[in-house]
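>>> Pasting the sequence and the predicted model now:
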Amino acid sequence: MRLLRFNFYLASKVVLALFDIVALSLAYWLSFTLRSWRFQHYGMVYAPTIVHFYFLCGLTILILLYFRNQYLYRDVAFRPSTRHLMLLTRSWLIFASLFISISFFFKVRLFIDHRFTVLILVILGWLLLYIGRFLIATRIIRWMMQRAHITNRILVIGSAWAARHVAQHITDYRDGDS
């Protein structure tokens with residue numbers, strides 16, 4: 001049972017990381033695409049190059065490490081909750097601020113030159129991270145839990161009324177009603 005649980009938690013972390021990579025990559029690509037579409041009538045079509053791809057790879061590695069450091073690949077992220085949402089939002093905004101500051105300080109002209117592109121990346125990045133983590137990944141993780149038959153047993157000591165009340169509260173919390 002211990003090996004099964006380890007594999008479940010590892011698989012859950014991998015699912016979250018994969019959705020984060022997809023969300024960031026899609027936001028990055030869409031930011032360039034939407035910028036080019038918005039300014040095409042000025043003749044300012046801006047296509048990403050291989051250097052941008054390398055930049056995205058580095059950015060992805062940094063955000064995965066930062067999210068890991070902010071506990072976004074722990075138990076709190078395996079189900080939708082306000083704590084998870086606050087942690088994700090705060091981490092994304094801090095990371096975006098650091099990214100913009102570092103890009104400005106080191107004069108990284110690949111991306112920071114175009115404020116519209118950065119704005120789109122920040123907004124779409126958060127939106128896609130939210131969709132990936134709260135709407136898709138949590139369903140996959142819940143499906144994996146059901147498939148692995150992972151259950152937690154809890155012993156409640158007290159009166160029958162208190163035991164039923166605590167059991168109902170735990171069930172409601174697990175189902176996401178609380």
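It's in. In this text the structure is predicted, and so the values were computed from the model without any measurement.
>>> Low-confidence ranges, the protein, go.
Applying pLDDT under 70 to the chain picks out residues 1-6, 38-48, 107-113, 148-153, 173-178.
>>> Who are the packing partners of the longest helix seen in the chain?
If you go by DSSP state H, the chain has its longest helix at helix 2-38. If you count contacts as 3 or more C-beta pairs under 8 Å, 6 or more residues apart in numbering; DSSP states H and E, helix 2-38 packs onto helix 50-69, helix 115-130, helix 138-148. Just so you know, the C-beta spots here come from the backbone N, C-alpha and C atoms, and that holds for glycine as well.
>>> Hmm, L87 is touching F67, no?
No. If you go by C-beta atoms under 8 Å, L87 and F67 don't touch, sitting 9.3 Å apart.
>>> Which of the two has more residues huddled nearby?
Taking other C-beta atoms under 10 Å, L87 and F67 do not tie; F67 has more neighbours (21 against 18).
>>> mind listing what that one touches?
Residues in contact with F67 (C-beta atoms under 8 Å, 6 or more residues apart in numbering) are 20, 73, 91, 95.
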